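Engineer: Quick one, structure for this:
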Amino acid sequence: MNSILLIDDDPELGEMLSAYLAKEGYTLDTDYSAAEGLDRFRAGKYDLVILDIMLPDTSGFNVLGQIRAESMVPVIMLTGRGEEIDRVVGLEMGADDYVSKPFPLRELLARMRAVLRRYENSGTMTVHTPEAGKTQIVVEDLTIDLAARIATMKGEEVHLTGAEFSILEQLGLRMGAIVEREVLMEKALGKGADIDDYVLNVHMSNLRKKLGGSIRIKTIRGRGYLMVACGETEH
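Structural biologist: Residues are numbered from 1 along each chain as shown. Presented below is the predicted three-dimensional model:
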């Protein structure tokens with residue numbers, strides 16, 4: 001049973017979501033302030049954090065920053081409808097996804113399942129690679145450990161969110177070939193091609209920044225993405 005932490009100052013949402021998720025097999029703890037939420041997070045073990053941007057004592061961005069300094073636990077941000085800048089900032093700071101308020105509970109549940117699937121598969125997934133038995137992809141200074149779900153650059157770990165690693169994995173498995181957006185949306189983010197692919201754009205931007213100059217991820221307009229080592233000829 002997955003344990004979820006909700007940090008949101010709306011008691012009605014907490015009660016409604018707790019009852020709804022219990023029927024779906026999840027347990028939910030709720031705190032109504034940033035300070036209480038962080039204390040509970042540090043004292044417990046959670047599979048997912050649902051974090052509102054607007055909190056009474058500080059911004060949810062500050063909470064996200066503190067969580068990311070300590071853990072790579074998946075985080076879904078709750079943002080105001082139409083507040084695009086909030087979505088951008090949250091994703092750039094390391095959130096895995098966002099849901100705009102007000103939202104149908106089934107939409108949040110679908111986002112939760114997609115995010116949790118990426119993390120839960122990390123220790124049990126079967127890796128299908130071009131070479132049987134291959135568990136690592138090495139490109140220049142970058143090593144992608146498919147079994148441990150860790151990426152290193154010159155021996156130093158590149159701290160990636162679950163979404164970022166899943167995108168890198170898909171690109172690495174098809175190194176030098178175009179990976180369609182629809183494939184990344186489905187296999188890396190667990191979504192259909194018609195559902196808010198804006199999230200993919202921001203995760204891709206974050207991934208490029210973290211990889212630096214050794215690896216190039218090129219956008220193929222109207223199709224998808226192509227990953228190559230810098231200086232390598234693209235076909």
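Engineer: Buried residues of the helix or strand bottoming out on mean pLDDT in the chain, list them for me.
Structural biologist: When each helix and strand of the chain is scored by mean pLDDT, DSSP states H and E, helix 84-92 comes last, with a mean of 82. Within helix 84-92, the residues scored as buried using 16 or more other CB atoms under 10 Å are 86, 87, 88, 89, 90, 91. C-beta: built from backbone N, CA, C; applies to glycine.
Engineer: which residues touch the fourth one?
Structural biologist: I take that to be residue 89. residue 61 (CB atoms under 8 Å, 6 or more residues apart in numbering).
Engineer: for the fifth one, same thing?
Structural biologist: Neighbouring residues of residue 90 by CB under 8 Å, 6+ apart: 53, 60, 61, 64, 77, 79, 98.
Engineer: who touches the spatially most central residue of the chain in this structure?
Structural biologist: Closest to where the C-alpha atoms of the chain average out (CA atoms, centre = their mean) is residue 96, at 2.9 Å. Residues near residue 96 by CB under 8 Å, 6+ apart: 74, 75, 76, 115, 118, 161, 162, 163.
Engineer: which residues in this structure form strands?
Structural biologist: Secondary structure of the chain (DSSP state E): strands at 2-7, 26-31, 48-52, 75-80, 97-101, 136-139, 142-145, 150-153, 156-158, 178-180, 215-220, 224-229.
Engineer: between those, which one is nearest to residue 191?
Structural biologist: Nearest to residue 191 among the strands of the chain is strand 97-101; the distance by CB to CB comes to 9.1 Å.
Engineer: which helices and strands does that closest one pack with?
Structural biologist: On a contact count with 3 or more CB pairs under 8 Å, 6 or more residues apart in numbering; DSSP states H and E, strand 97-101 meets strand 75-80, helix 84-92, helix 105-120.
Engineer: Mind putting these into TSV with distance to residue 30?
Structural biologist: Below are the helices and strands packed on strand 97-101 laid out as TSV (distance: least, CB to CB, whole Å):
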stretch	distance to residue 30
strand 75-80	13
helix 84-92	20
helix 105-120	14
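Engineer: okay, those, which one's buried deepest?
Structural biologist: Among the helices and strands packed on strand 97-101, strand 75-80 has the highest mean neighbour count (mean count of other CB atoms under 10 Å), at a mean of 22.
Engineer: List the neighbouring strands of that strand plus their orientation.
Structural biologist: strand 48-52 (parallel), strand 97-101 (parallel) (DSSP bridges).
Engineer: Which stretch among these is buried most, on average?
Structural biologist: strand 48-52 (a mean of 24).
Engineer: chain center to that strand, what's the gap?
Structural biologist: Centroid separation for strand 48-52 versus its chain: 12 Å, with CA atoms, centre = their mean, to the nearest Å.
Engineer: Break this protein into its domains for me.
Structural biologist: Residue ranges for the domains of the chain, per automatic domain parsing: 2-122, 127-229.
Engineer: In terms of mean pLDDT, which of the ones you listed ranks lowest?
Structural biologist: Among these, domain 127-229 carries the lowest mean pLDDT, at a mean of 82.
Engineer: chain center to that domain, what's the gap?
Structural biologist: Distance, stretch centre to chain centre, for domain 127-229: 12 Å (CA atoms, centre = their mean).
Engineer: related to what we said a few turns ago, to residue 4, which of the strands paired with strand 75-80 lies closest?
Structural biologist: Set against residue 4 and scored by CB to CB, these come closest in strand 48-52, at 5.1 Å.
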